[in-house]
Structures are given as C-alpha cells and as structure tokens.
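A.B. asks: Here's a sequence, model it:
(3 chains)
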Amino acid sequence: MTPADGAAPLLALERFCVAYGRVEAVHEVSLNVPEGSIVTILGPNGAGKTTLLSAIMGVLPARGGATFRGAPLGRRSVEERVQDGMSLVAEKRELFVTMSVEDNLRLGGFRRRGTAAFDEALEAMWRLFPRLDERRSQLAGTLSGGERQMLATARALMSGPRLLMLDEPSLGLAPLIVKEVFRIIAELRRTGVSILLVEQNARAALEAADYAYVLENGEVVLEGPAADLRQDERVIATYLGIKSVAT
Amino acid sequence: MSRAVSIPALVALLAAIALPLVPGVPTYWITVASYIGFSGIVALGIVVLTGVAGVVSFGQAMFVGFGAYTTAILTTRYGWPAFATLPVAILITGTLAWGIGAITLRLKGHYLPVATIAWNISFFYLTGGLDFFRRFDGISGIPPIAIGDFTFTSGGASFYYLTLAIVALLVVLTANLLDSRVGRAIRALRGGVLAAESFGIDTGRARILAFVYAAVLASISGWLYAHFQRAINPSPFSINASIDYLLMAVAGGIGQIGGALLGSGIVTIVREKLQDVLPHLIGTQGNFEAIVFGFVLILIFQFAPEGLMPYLRRLGGRLSRAVSPERPVVAAPPPARLPPERGTEVLGVADLRKTFGGLVAVDDIGFTVRAGEIVGLIGPNGAGKSTTFNLVTGVMPASAGEVRFLGQPVQGWLSRRIARLGLARTFQHVKLVHGMSVIDNVVIGAHLDGHAGAIQGALRLDRAEEERLFARARAAIARVGLSEYEQTIATELALGQQRLVEIARALAADPVMILLDEPAAGLRHAEKTALADLLRDLRESGIAVLLVEHDMDFVMGLTDRLVVMNFGSELAQGRPAEIQRNPAVLEAYLGSAA
Amino acid sequence: MTLPPLRGHVGLRAEAGRGPSREVVPARVTGTALDLSISLILLQDGVVNAAIYALLALAMVLLFTVTRVIFVPIGEFVSFGALTLAALEAGHMPGTAWLLVLFGLAAAVATLWAERRNLTTRIWLKTLGETIVLPAAIVGLVLLLAPLKPPQAVQVALALLMTAPLGLYMYATVYRPIAEASVLVLLIVSVALHIALVGLGLVFFGAEGSRTTALSEASLALGDLVVSGQALSVLAVTAALIAGLYLFFERTLIGKALQATAVNRLGARLVGISPAFSGRFAFGLAALIGTLGGILISPLTTVYYDTGFIIGLKGFVAAIIGGLVSYPIAAAAAILVGVIESFASFFASELKEVIVFMIIVPILLIRSRGALVLEDEE
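C.D. replies: This is a model prediction of the structure:
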C-alpha cells in the first residue's frame, strides 16, 4: 500500500541505492512522499537514514529511480534540486556560523534574491520564528542548540521548498525545545510544505507523521501509516524501546 | 606492501644491465639512462614521503643541491676524495632535513608544501648570492668518482653501472623499510593520525622520518649528479626541478616503488624528445617542455590520479605476485604483560570536566571500570559520550578532573603514552589504512611490542621481532574469527568485518583494557550476537571493556554496569536492570510522553 | 650529444642569467650609511611594494577560503598584466591575445565536457559566448584600438579586459573538474599551472623585459622626502580596492554568498549557491586583482615574463602569515614583508630574497607551537 492512495507523489524513490566505495549504505529503498504529507523514516544509528537524505538532496551519488514532481532527478546537482523545490536541514545544521542570523536567512533565499517572494519569505520567517527575529544580528555560531535548529529550518524554508527534509531535528535538544520543534513541523504542514522527517525520537516522529518507514542496515524492513506503526510490536520493542523491556 | 621481487622488476633490471652491452648503443642513451637513475632516486624518496606518508614537498631539488654542493665544496676546496664526501653529504642533508621537518611537519596539510617552496627558493638565492657557493657561476672542476686507480668516467658504462647499483640498492632498502615496523608506522599515517597515535605510534616522528629519508635519497642523487656533471650551479636545484621530480613520482604512480623509476624514465625520455622536436615544430625559442609537463601534470590529476603504474599492473597482472610474502607460522607469543587481577580497578575517572568556550560538554563525570568487567556508556547523541571517550584516551586534554589508569594518573598524557600502559581502542568511524591487508593493519596494534628502528628495518635485522609481532597479530585475527581474510585488503571487507579488524588490532596490543566506540553500529543481528560473544570472551580473560553504544538491546544483555549521560552530566549509574527502571533515564529517552 | 636532458628549467635559470640584480624596486642607494632620509626612502619603497603584495595576499586569501585553491599562478597575472600594458603602450598587439583565445578554447572544451549530460541549447550558447565569442570580441577591440595609441586609461582598461578573463578560463579548464580534490592536489595542480604559464609567457611575450610610463608624473615633497605620484597612485588604488572589496563582501548578497562558501561549503550548496558559481566569481576577482597588481608595478620596475612569480610569492608569504584565512593579518603582514625587503635590499642586496622568504620560518614556528598534534585528516 502507498500512503494517501490516488495523489501523485511529490517524491518517489524506486530501488534507490547509495554506496560509499564498495560498502552499500542504502540498498534498494522504495519510498513515496505524497504532496502535503509528513513522512518519517525511523531506524537505529547507522541504518543509513542520513545517507538516504543526503543522496535524495544530491550531496551523495545514488543509483536507482528517483522522481521529484514527476520529473526524474537523474544527475541534477544539489543547487538545481534547491531550485526544483527541495530543501534539506542537515543533521549538523551546516549554518554559516560566523555570519549573522539575518545573513543566514537571506542566503537561504539566494536562488530567488531580488524577487518579491524573497522579501515576503523573510517576513514570514520572522513571524514564524520570533526567537530569531530577536536575534537578527547575532552570529549564528553563538545561538543555542534549539535556536540553531530553528535557524537551519528557517533558512531551508527561505528557498520556498515544496519538500522539506529534516534530519534529526530534535537531536541534542532539551525536551521542551523538542516539543517546540514538533509544533513547528505541524504548523509547516498547514502551509502546504511536504516533509520527510528522519528522527531518533520515534515516539514524537510517529505522532507527527502520516506515514512511516523503518530502515535497518540500509533496507526498508517495515512501512505503514504512522498510526499503525505506533501499535506495531516490533516498533514498540525496538524504537519505543526501553519501556517495553523495563515492564 | 609487496616485498616479493616481481618478474617485471627482474626483467627491467636485466634490461638495464644489458643496455651498455648492446653493440652500437650510442653513449647518448647511456647518459639518458644515467639521468633516469639520478632522478629515479629522488622520485623514490617522494614515493615514501608523498605516496606513503602523504606529505607533499616542493623542495626535493634543494636536498639534491645539499648533496651536490657538499661534495663539490669538499672535493674542490679541501681535496677530499669523492667517496669520502658521500657520508658527509648524507649526514648534512639528514640533519638539515630533520631541522626543517621539525619546524614545519607538525603543521596542517598545506603549510609544509608551501614552506618547502620558500625553502627551495631561499636555497636558490643563497647559493646564487654568496661567494661561498661561487654565486650563479657555480662550482666547476669537481673530480670524478674514483676507487684507487679506477675512475668512473661520466657518460661511460662504468658510471652508469655505479648508478644502477646504487638505484638497485636503494630500491631494496626502501622496500625493506616499508615492510618493517617503522614502515608500517609511516603507512599508518594514511589511516588517520588518531588511530596511529592510539597504538603508540609517534606520528610526528614517523612523518619526520619519511621526510629525512626522502631528503637523504635526494642528497645521494645530488652527489652522483655533481660527479657526473663535474660542475654545478644553482639552477638544477631550483623549485622548477623540484616540481619535475614530483611530476615523475606522480606520473608513475605515487604509491609504488616501481612507479618512481617508471615515472622518471618516461619524463626524462619525453623531455629529451620534446626538446629536440618542439622548437623545430613551433619555430621559436621557448621552454616548451615546461609547458607540456605543466599541462600533463594537470591532466594526470584530472584523469588518472593514481598514475600509470596501476594500469601497467593490470596489463601485466598475471606476471607479478602482488601478495604479501608468506611468513612462517609460529605459536602466539606469551602475552606482553600480565593482566591485573580480576576486580582491580583499571580505569578510574573522577570529576572529569571538559568545556569548549562557555559550553560544558562533560560535566563532572565519574566512574570506574574493573578488570574482567564490561561497562557501557550510553546516552542520547550529543550527551558527551564521545568527548568522555576522547578525554580518557588522551585525544584531548580535560579541563579538570582526574583519570587514573591502573592507579596511575594519566590526565594530560598523549594517547600514545597512555597506550603504553595497555589501553587499546576502536573507532566509531572505522579507521583502517586503505589498501593494506588485514594482517598488516592488525600488526600496527602490536607496534609497541617491537623496538626495531628504520635502519634495522631497511637492513632486515628485525626478522625475529617481526615474526613475534606477526604471530601476535595472527592470534588476534583468529580470536575475532577472520583468519581466512588475513591477506584481504581490509577496507574492502564488509563494515561489520572491518569493525572486527579494528577489535583485532586492539587485541594485538595485548591490552589491559579495550574501549569500543559504537561497535555494534551498522551490524546485522547475527553479527551483533557474535560480537557480544566475543566481548564476553574478552571479559572472561580478564580484560576490562568500556563501550559507547546506542543499541539498547545489545548493551542491556551484555554489560555489567551502565553509565547514562545526558547533556554532559551523569544521569544514572548502575546495573542494567536498575537503569531500565530509572525514571530519569526513561524521561530522557522517551521524552515527556513517557 | 645534447647537454644533460634532466635540468633544463628556464624559469629561474633565465633569472640566474640575468643575475640577482633584478629587483622590484631598484636599490637607489648603496654603499652609504643608513640615515634618516635613506630610511624614509626605503620605507616609502617598502610601503609601495607592500601595497601590491597586500593586494595579492588578499586575492589569495579570497581564493583559498572560497575554493581551497592556493593560487600560485597569481604571479603570472602580475607579469601578464604588466607586459600587456607595456605592449599596448608601444602600440603592439599583446601576446595575451593568443593566451586569451587558447584558454578560451580550452575552457569551451572543458565546460562542454563537464556538462555533456545536459547539453541544452542555452548551455551551448552561454558556453560558446563566454569562451569563444568574448575572447574574439576582446581581441577584435584591441586590434581596432591598439594602433591608435589610445589614452593611458583606455590602455589600462584594455589590459584588464585582456588578462583578467584568463582567470575564468583557468577555473573552467583546470580547477573545476577537480574542485572536490584535496588541498594538496589543488596545490600541486596550481604549481603545475604556474610552470606551464611561465613557459607560455616566454613564448608569447619573449625574454625581453618591459617597463611602462608612470600613471602619474607628479610628485609631492614632504620635507626631505619626495613622494612620487606613482607611489601615491599605487597606494590610492590599493586603498580603493580594499574598500571596494570590503563593501562587496559586507553589503551584497553575492559577496555574502562567497563568504558563506568559505565558511561552510556544504551549507552553501544546500541553499543553492553552487561551488561553480562561487569558484568562477572568486577566480575572476583574483585574476582582476592580480592583473591590477601588475599594472601598478609596471612603472616601478622592469617586468619580465617570470617576474610575477617572485612578487606573487611575497604576497603569498603575507597570506600564509595570515593563515590563508585572515584578511587583516595578511594585509598587515604584506606591509611587514615590503618593509623588510626594502631594508634588506639596502643591507644585503644579494640575500634580499632569502631574508624575505625566511620571514615565514618564525611564523611557522609560532603556529606550530599552538598546533594540535592530534590533528586528524581533513
């Protein structure tokens, strides 16, 4: 079964493989992200989640089928994929740490500099992330972990993406901030952006998502609507974890 | 690295010996062949320095100049015989190279090559500007090399054979060196400084050694050159010549001994032909071969960064034996040190603290690990586990606190010093040396059990010690169950097997304690089970084990005690069953939803 | 029998032939004791040279931070810029025309090869326009104007127009295909390119040196010291260029995009700043600065086809002192290099170069003390 039957997927992967030299990190993954949905990828450390997102973004070369908005991605470069409407918030955030918050945001809209959409997007970001608005001229490197995550997300949104990929958005954040991050994810969906979410915090991810894939050793071992997976024995045992072991 | 004499090498040697004997060969070609030998010696040094140690120098021609000027001055002004100046040239060059290396080699990648440009240019102007070196006119009247009444005349067969003998000797010495304990230390640089240091290798020293070795070879070449030319001036030792040498090594294939000679042969002959042909073709004056060589070097890096040797290897693949020599199987030697009694404290950490700027990465952590015990360090990403690991292993200094190893305070020690006490480790991102076999990688772990230096290695006086080290490595490989892969290139194994190779390398150090950084990451279920069995086996033998891990199932079933970290500080400590019930841990792992 | 084949290196040998007496600024006073007025003259010489070294150092820092390329051939832009202006002044067609056409062709081939998988009409037109039509147009313009001996400002503009685009073509041909290679590989390639360019310089400009007329013949007397108009124009142009660069980096989004690439390459790609865009821009800018350096220095000294290398290296020493990343330290170090060189040429003119290049040693010593021994691979 595919998520949200009927709608043409925004992103479709078909037997998608990524390898580092001889070591294959992602093996024949098939995956769909329908328009307007939140899809999450769960899995243990080293399962290939970050590799998968990097390859979708074009940072790493991949084999197999990948189409975005109906057109094959082929060998399009990272920058062309940004132009096409993809955006990735990487696990390490990749901010311009010696530059101001505002410069980081402006650079996020580099591909559409000088347009009205650029100015509108900038205003929208200040509204969506008031904490960033307060810190406009502060250097990105001096922000707290949560603020960095917000800045990275806002910067990614500045290019006006159709698909936003988030790699471990709650990584290393205090529980309270994690809540805030997921609130923003939910809010983004209402603006029409589709989201592909990689997350260690399986519980929060399954709460937020419509559909989920479980990746282990580079392969999809389980998939289904997020609500179903929350009840799945294996998922509970492995990812919602300690609790079941403890009880 | 292959030490076996390959058939193509023998054929090349025989052809080189036969060259002057072919009737009608013009002296011109014997001269060209001598030049190939001179530059081949320099390129051989570059193979060790750049191809193996990964250090780039644009100053090799300067070291050639050291050798040439030393003998020129000693023979013309002080009447020394030619052969007597060779040891002096080697000594002077070696000392100067050591000094230059000590200044620059500790710096990050690109400083050294840049500094060598400055050194080389300074040498050029120094020799060109001082009367002592006879300025740009140079020194002439250098006597030929002679033994008794016999004179090696330039351009004649005798000088050619002398050159050939020296080249052959240096090739053998270089091959021996690379296949020795010191050679492995130099090769280990490519697997990362961290890994090498954690097995007791002084990487700074290994780099300097490679630098000095390459400089000495260049100096020998300069000595030969001076007595061949009988006159020298600064220009053959300019930065341009240095770049030519680099081109030779790169064109042939910078990682391989044969590549050095192949490259110098090709470059020398091609230059000779270009100098004949190009001016006629183009019809003006110019330094056309420099243009051609410049662009050829660029094209090599764009299309064949490995050089030509690998292609030839493939063509003649069946002729050459590329495997490591078989070594006699001897019984595993007795352990280098006796394990401490089960239950004694091996690692003690108290109030350990690390701050980066204002950020507290590790906040007053304390725990102990005893002999025959497996302790797990767990926590979410960014909790400070890796930093703790780095503090304990001496990768970075702690801001405050105490680390004791076998009762000895070790905070502030470098990794390689701590390693001597019997601490071995593995890495989260596998750090094995590319292109090296499993056994060669694992024997690096036994580095501290040996003492042979570069000279012993080059002269093969280290065989008994080598056998012991290899026996230790072989036993370690057998213990992790990879015996059938001993000769396989380590980085071509599956990830799970590479992790086992790392554990074998740690075991080859005969450690009191092993630190494992996420050993189960990326392993399949069966592999995890096998790994857990192996770790239990290690515990049985009295080794202390500390592991950082994410996989809860793995940790819970295996460890004796757990330390849970969150935001740099300790969240809980205790037996796995207690940790599973600890409310603070549940909260941190499951978020407020729990 | 031809002479030993191994050692035919022209670059520095030619220099050797001319002897070590060539100096960027001729030592005007020798054999006298150092007094205040001589000190002031030496200081002035030093500062003027330093301004040019500073420009080159800034260009190198810019290129290194954005593309990780240590751009050794910047010295050739100095030589070529000066020699182009000299040829124009003499009413000749500069040899640069050939270089421009040749490198344009090479860039066309390299670019079309790199884009071979998505060759649209737009890419064809854009590439051919930039690499074939543009050089042809520039050469045509020079053919038209050069015999007319236009005013100096036009000559300078033409020299810039002919020389600076070479930077773009070199990027497309030499560096772009290996943009992801290690710093060391990029450095080796830079040095190889330098060697090839020096060879080409000899072919297209000949072994003769040239000197151009001063940009300004005026002079200014400050007490004992007479400051030449040329010295003042060098300082003025340098100051203006530094101010311009500052504004470009601080005030424009493209300038910030270059900075962003320097700070975080992956981050820059993720927001759609392509490395090729930044690379082209940085190379174009560096080539422009290098050429300008050559134009500024050409009235001060006789420039040969290989003079630029040594001048570039001094800029380089300054850039290294700044760790290849700091603009202000590099600029300050350039002044140090210029002044030390100037005084060294008074006290020990034979060893001037040695002294200048050895400045790097204590700097490296200081840096090495703070360096982490356990620095891991890049």
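A.B. asks: average pLDDT across stretch B:470-478?
C.D. replies: Taken as a whole, stretch B:470-478 has an average pLDDT of 93.
A.B. asks: whoops, stretch C:230-240 was the one
C.D. replies: In this model, stretch C:230-240 has an average pLDDT of 91.
A.B. asks: For chain A, what lies in contact range of chain C?
C.D. replies: A:57, A:59, A:74-75, A:77-79, A:82-83, A:87-88, A:90, A:94-99, A:103, A:106-111, A:113, A:155-156, A:158-159 (C-beta under 8 Å from any C-beta of the partner chain). Bear in mind the C-beta positions are built from the backbone N, C-alpha and C, glycine included.
A.B. asks: Could you give the residue of chain B that lies closest to chain C?
C.D. replies: B:Gly294 (2.6 Å; C-beta to the nearest C-beta).
A.B. asks: which non-adjacent residue is nearest that residue?
C.D. replies: Of all residues not flanking B:Gly294 in the chain, C:Ala196 sits nearest, at 2.6 Å (C-beta to C-beta, 6 or more residues apart in numbering or on different chains).
A.B. asks: Please, which helix or strand holds the one you found?
C.D. replies: Taking DSSP states H and E as the definition, C:Ala196 sits inside helix C:183-205.
A.B. asks: Downstream of that helix, the next helix or strand is which one?
C.D. replies: Next helix or strand after helix C:183-205 toward the C-terminus (DSSP H and E): strand C:219-222.
A.B. asks: What degree of burial does the residue nearest to B:Gly294 show, as a neighbour count?
C.D. replies: Neighbourhood size, C:Ala196 [other C-beta atoms under 10 Å in any protein chain shown]: 23.
A.B. asks: which ones are touching it?
C.D. replies: B:Ala290, B:Ile291, B:Val292, B:Phe293, B:Gly294, B:Phe295, B:Ile298 (C-beta atoms under 8 Å, 6 or more residues apart in numbering or on different chains).
A.B. asks: likewise B:Asp551?
C.D. replies: Counting by C-beta under 8 Å, 6+ apart, B:Asp551 makes contact with A:Pro44, A:Asn45, B:Ala520, B:Ala521, B:Lys528.
A.B. asks: The residue of chain B closest to chain C: which element?
C.D. replies: Following DSSP H and E, one finds B:Gly294 within helix B:288-303.
A.B. asks: now for that helix, which elements pack on it?
C.D. replies: Contacts defined by 3 or more C-beta pairs under 8 Å, 6 or more residues apart in numbering or on different chains; DSSP states H and E place helix B:288-303 against helix B:239-252, helix B:257-282, helix C:183-205.
A.B. asks: can you put those helices in TSV and add mean pLDDT?
C.D. replies: Shown next, in TSV, are the helices and strands packed on helix B:288-303 (pLDDT from 0 to 100):
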stretch	mean pLDDT
helix B:239-252	88
helix B:257-282	84
helix C:183-205	89
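A.B. asks: So which residues of the stretch 351-500 of chain B form helices?
C.D. replies: Ranges of helices within the stretch 351-500 of chain B are B:385-392, B:415-420, B:438-443, B:454-458, B:463-479, B:495-508, based on DSSP state H, counting those that start in this stretch.
A.B. asks: looking at the ones you listed, which is buried most?
C.D. replies: helix B:438-443 (a mean of 27; mean count of other C-beta atoms under 10 Å in any protein chain shown).
A.B. asks: quick one: it to chain centroid distance?
C.D. replies: Helix B:438-443 has its C-alpha centroid displaced from the chain centroid by 14 Å (C-alpha atoms, centre = their mean, to the nearest Å).
A.B. asks: how about that helix, does it reach chain A?
C.D. replies: No - using C-beta under 8 Å from any C-beta, helix B:438-443 stays clear of chain A, coming no nearer than 15.0 Å.
A.B. asks: Residue of the stretch 101-250 of chain C closest to chain B, please.
C.D. replies: Scanning the stretch 101-250 of chain C for proximity to chain B using C-beta to the nearest C-beta identifies C:Ala196 as nearest, at 2.6 Å.
A.B. asks: Backbone torsions only: list them for A:Thr153.
C.D. replies: phi -70, psi -50 (degrees, to the nearest 10).
A.B. asks: so how far is A:Val78 from it?
C.D. replies: For A:Thr153, the distance to A:Val78 equals 18 Å [C-beta to C-beta, to the nearest Å].
A.B. asks: repeat for C:Gly104
C.D. replies: C:Gly104 is 28 Å from A:Val78, where distance means C-beta to C-beta.
A.B. asks: now C:Ala153
C.D. replies: Distance from C:Ala153 to A:Val78, counting by C-beta to C-beta: 43 Å.
A.B. asks: Pick out whichever of the two has more residues nearby.
C.D. replies: Per other C-beta under 10 Å, whichever of C:Ala153 and A:Val78 has more neighbours is A:Val78, with 23 against 9.
A.B. asks: now that one: how far from A:Glu91?
C.D. replies: From A:Val78 to A:Glu91 the distance is 16 Å (C-beta to C-beta).
A.B. asks: Over to B:Val362?
C.D. replies: Applying C-beta to C-beta, the value for B:Val362 to A:Glu91 is 21 Å.
A.B. asks: Between those two, tell me which one has more neighbours.
C.D. replies: Under the neighbour definition other C-beta under 10 Å, B:Val362 and A:Glu91 were set side by side, and B:Val362 has more, 28 against 18.
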